[in-house]
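Novice: What follows is a predicted structure for the sequence shown.
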Amino acid sequence: MAYNFLGLVNEVNRRLNEVELTTSNFASAVGFYSQVKDSVNAAIQEIDQEYPEWPYNFVEQEDTLTAGITRYSFPANATVLDFESFRVKEDTTLGNRTQKLQVLTYEEYLDRFVEQEYTSDTSLRSVPVYVAKGHGLEYILSPAPNKAYTLVYEYYLTSTDLIDATDVPKIPEIYRNVVVDGAMHYAYMFRGNTQDAMVAEKKFKDGLKNMRIVLINKNTYVRSTMLTRTQRSTYVYRLAS
C-alpha cells in the first residue's frame, strides 16, 4: 500500500472492516470516511506538536538582506527558529566572509542598537554581527546591513494537513504505524468505542515515545581541555535521557 494520504486512510478502513476508498471517490468522501481523513490528519498534527523539532521538519533557510533594513519576518511555515544558527554567508562579490551572528535579547538590542532604526546615517551600516528576536514574529539584525548579504539560519516546519489522495506525510514511512494507531484512536472515539480508543491511544503514545528515542535523544559529548602526556584532549559522554 502506497505511503500517502489515500494509503493511510485505507489502512484505517481495513482495520475497521470498511470499504476502501479510491482516487476517484477520495476527494468527495463524506460521513465516516471524511472522519477517517480527519483522524489521519489529527494524528499527524499530534505527532508534530509532541516535539516541534523533529528532524524531518528541519529546514535551512537563506534570506537576502536589504540595505538599511533591520527587521525581517519569520518564514510563514516556521514553528521554531534556531537563533544560534544565524550566520552571514560568504560572498566574494560583496567582499564578506562567513560570520556567525551573536545572539542578543530584545532588551539588549533596544539598549545598545535601537538608534540604527531611526537614523539616516549610512556609515553605521555594515555586515551584521548580532541577531535578536523581536516581540513579534521577526528577527532583528545589527548593524543594519549595508549590502544585500545572504543570511543563513535553520528552523523547523509547522505541521500541515494532507489534502489530496497522493499527498505524502513528512513523517518517515518507517513510522507509518504510529500515524495509523493515532488515527485509529480518533476513529474509535468518533464511533463511541471508548475501550478500543484507549487501547489505540496507548499504542500511539508508545510509538511516539519510540520515535523520540530514535530521532531526538542524543549522546551528549563533553570535551576536556586538560592536556595529557600525549597532548590529546580526552572525551567523555553521557547518554541523554
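Specialist: Noted; the coordinates are in hand.

Novice: ok but Tyr56 is inside a strand, no?
Specialist: No: according to DSSP: H, G, I helix; E, B strand; the rest coil, Tyr56 belongs to no strand; its state is helix.

Novice: neighbours around it, how many?
Specialist: Counted with other Cβ atoms under 10 Å, the neighbours of Tyr56 add up to 13. For glycine as for every other residue, the C-beta is placed from the backbone atoms N, C-alpha and C.

Novice: helix/strand/coil for the residue nearest to it when sequence neighbours are not counted?
Specialist: Leaving aside its sequence neighbours, Tyr56 sits nearest to Lys170 (Cβ to Cβ, 6 or more residues apart in numbering; 5.0 Å). Assigned with three-state DSSP, Lys170 falls in the coil class.

Novice: per-residue confidence at Lys170?
Specialist: Model confidence at Lys170, given as pLDDT, is 96.

Novice: which residues does it contact?
Specialist: Shown in contact with Lys170 (Cβ atoms under 8 Å, 6 or more residues apart in numbering): Tyr56, Asn57, Leu157.

Novice: Same question for Gly207.
Specialist: Tyr175, Asn177, Val178, Asp181, Gly182.

Novice: Stretch 138-154: which residues count as buried?
Specialist: By 16 or more other Cβ atoms under 10 Å, the buried positions in stretch 138-154 come out as 139-142, 144-146, 149-154.

Novice: how far away is Glu20 from Glu53?
Specialist: According to Cβ to Cβ, to the nearest Å, Glu20 stands 35 Å off from Glu53.

Novice: of the two, who's got more company?
Specialist: When neighbours are counted by other Cβ under 10 Å, Glu20 and Glu53 differ, and Glu20 comes out ahead with 16 against 13.

Novice: so which helix or strand takes in the more buried one?
Specialist: Using DSSP states H and E, Glu20 falls within no helix or strand.

Novice: In terms of pLDDT, where does it sit?
Specialist: For Glu20, the pLDDT comes out at 97.

Novice: now do the same end-to-end measure for stretch 130-140.
Specialist: One end of stretch 130-140 sits 8 Å from the other (Cα to Cα, to the nearest Å).

Novice: How about stretch 53-72?
Specialist: End residues of stretch 53-72 are separated by 22 Å (Cα to Cα).

Novice: Check the offset of that stretch from the chain's centre.
Specialist: With Cα atoms, centre = their mean, to the nearest Å as the basis, stretch 53-72 stands 13 Å off its chain's centre.
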